[in-house]
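In: let me see the structure of the following:
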Amino acid sequence: MTPASHLPTITLGPNGPTVPALGVGTWAWGDSLFWDYGKAYGDRDLQEAFQTALESGLTLFDTAEVYGLGRSERLIGQFLQQSGQRAAIATKYFPLPWRFSQQALADALTASLERLQVASIELYQIHWPLDFLLGQKGLMEALAKEVHNGRVKTVGVSNYSAQQMRQAHRYLADQGVPLAVNQVQYSLLNRKIETNGVLETARELGVTILAYSPLAQGLLTGKYTQNADLKPAGARRLDPRFTAKGLALLQPLLQALQEIGEQRDRTPAQVALNWLVAQGNVLPIPGAKNARQAAQNAGALGWELASEDQERLSQLTQAYR
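Out: A predicted model of the protein is given here:
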């Protein structure tokens, strides 16, 4: 494994914090609706994942107030206190219809900071491009206030289109605050941001792409194959991609990930994550539900795919652009 001090880094936005080029997504921490928290894994597993990530040099943890209805934030706060170490925390605000004032965002941030047991965070994001009565201008002004108040270092959006991102960037610029990130789904099995203008606009504006579900909710780990008996838990059982027919369609890609990984002594997941990092201006945030997954994720950094391997994977996944 590459020493933590030698991991590649990325700066959030034009002048935000510099963090490792891979983060940790914590959607599954405390969530028993979509994920199988409390059954297949519990708090001890998550604490070990947290500690292993830190020891591996992965110090950015991305959460949200809605993950586990606040439990994800509480767990991170608890783990932070118990570890006594520093981490970069990103969380998100969900613009619900009844949150129609800028004060609602300030109050939500206060609640998130209390759950996280910190005075400030590195990144605060609008979870979805919903605005209802407040409007995007009001949302961006509320975000900018928190930067000026010192409770947030950088601000971002999530799931915004190219046009929505450009608008948010403009409103923030009026307040003297840059737009640091747009967190969107991006993986070898979901490359839409390459063709819908999001990736191009992000590069133009100096906005970092935070790639969530970079392993396509486990499909790119190689754990699920058409001949294996293993089935995903939770809502993923309903995803047709996890059926024998769906997995058969993915077989050429899964085989390529396996072959490239074997040549480099890496896992399919590490190869898939490294491909994303190689796209530039992209920070993947794969989930980790235990120490083994956290260590595996960290192994995606510190090496580079050969250009011919990048091209092979790109060609195999053209249909997902």
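In: looking at this protein, which helix or strand is least sure?
Out: helix 244-264 (a mean of 88; mean pLDDT, DSSP states H and E).
In: pull up the distance across stretch 200-220, start to finish.
Out: End-to-end distance of stretch 200-220 (CA to CA, to the nearest Å): 25 Å.
In: which parts of it are buried?
Out: Applying a neighbour-count criterion of 16 or more other CB atoms under 10 Å, one finds 201-202, 205, 207-220 buried in stretch 200-220. Every C-beta, even on glycine, is put in place using the N, C-alpha and C of the backbone.
In: okay, and which of those residues map to helices?
Out: Using DSSP state H, the members of the buried residues of stretch 200-220 that fall in helices are Thr201, Ala202, Leu205.
In: ok, back up a step: okay, the angle between whichever helix or strand comes after the least confident helix or strand of the chain and helix 244-264?
Out: Using DSSP states H and E, the helix or strand that follows helix 244-264 towards the C-terminus is helix 268-278. Interaxial angle of helix 268-278 relative to helix 244-264 (axes from the mean of the first three to the mean of the last three CA atoms, to 10 degrees): 80 degrees.
In: so how far is helix 268-278 off the chain centroid?
Out: With CA atoms, centre = their mean, to the nearest Å as the basis, helix 268-278 stands 14 Å off its chain's centre.
In: who touches the nearest residue to Leu305 once chain neighbours are set aside in this structure?
Out: Residue nearest to Leu305 in three dimensions, not counting chain neighbours: Asn274, with 5.2 Å by CB to CB, 6 or more residues apart in numbering. When contacts are counted by CB atoms under 8 Å, 6 or more residues apart in numbering, Asn274 touches Arg266, Ala300, Leu301, Trp303, Glu304, Leu305.
In: out of those residues, which are buried?
Out: The buried subset of these (16+ other CB under 10 Å) comprises Arg266, Ala300, Leu301, Leu305.
In: JSON lines please, covering the residues you listed and showing pLDDT.
Out: Formatted as JSON lines, these follow (pLDDT from 0 to 100):
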{"residue": "Arg266", "pLDDT": "97"}
{"residue": "Ala300", "pLDDT": "97"}
{"residue": "Leu301", "pLDDT": "97"}
{"residue": "Leu305", "pLDDT": "97"}
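In: among the residues you listed, name the ones in strands.
Out: Among the buried ones among the contacts of Asn274, none falls in strands (DSSP state E).
In: closest to Tyr37 among those?
Out: Each of the buried ones among the contacts of Asn274 was scored against Tyr37 by CB to CB, and Ala300 proved nearest at 23.9 Å.
In: and for Ala104, the neighbour number?
Out: Using other CB atoms under 10 Å, Ala104 has 18 neighbouring residues.
In: downstream of the helix or strand it falls within, the next helix or strand is which one?
Out: Under the criterion of DSSP H and E, Ala104 resides in helix 102-116. Downstream of helix 102-116, the next assigned helix or strand under DSSP H and E is strand 121-126.
In: and that next one, what's its mean pLDDT?
Out: Average pLDDT, strand 121-126: 98.
In: hmm, who's touching that strand?
Out: 12, 16-17, 19, 60, 62, 88-93, 95, 109, 112-113, 139, 143, 146, 151-158, 160, 168, 180-181, 183.
In: can you check stretch 197-206 too?
Out: The contact list for stretch 197-206, computed with CB under 8 Å, 6+ apart, reads 13-14, 160-163, 165-166, 169, 178-179, 182, 184, 192-193, 207-209, 279-281.
In: what distance separates it from the centre of its chain?
Out: On CA atoms, centre = their mean, the centre of stretch 197-206 falls 18 Å from the chain's centre.
In: repeat for stretch 150-165
Out: Its chain's C-alpha centre and that of stretch 150-165 lie 13 Å apart, by CA atoms, centre = their mean.
In: where along this protein do the helices fall?
Out: Using DSSP H, helices in the chain cover 43-55, 71-83, 102-116, 135-149, 162-174, 198-205, 244-264, 268-278, 291-298, 307-316.
In: in the stretch 201-321 of the chain, where is pLDDT below threshold?
Out: Filtered on pLDDT under 70, the stretch 201-321 of the chain yields the residue ranges 223-246.
In: nope, the stretch 1-150 of the chain is what I was after
Out: Looking at the stretch 1-150 of the chain by pLDDT under 70, you get 1-5.
In: for Leu196, what are its contacts?
Out: One thing to correct before we go on: residue 196 is Asn, not Leu. Here Asn196 is in contact with Ser161, Ala162 (CB under 8 Å, 6+ apart).
In: tell me how far the nearest residue to Leu143 once chain neighbours are set aside lies from Glu146.
Out: Once flanking residues are discounted, Leu143 sits nearest to Val155: 4.2 Å by CB to CB, 6+ apart. Separation of Val155 from Glu146 (CB to CB, to the nearest Å): 7 Å.
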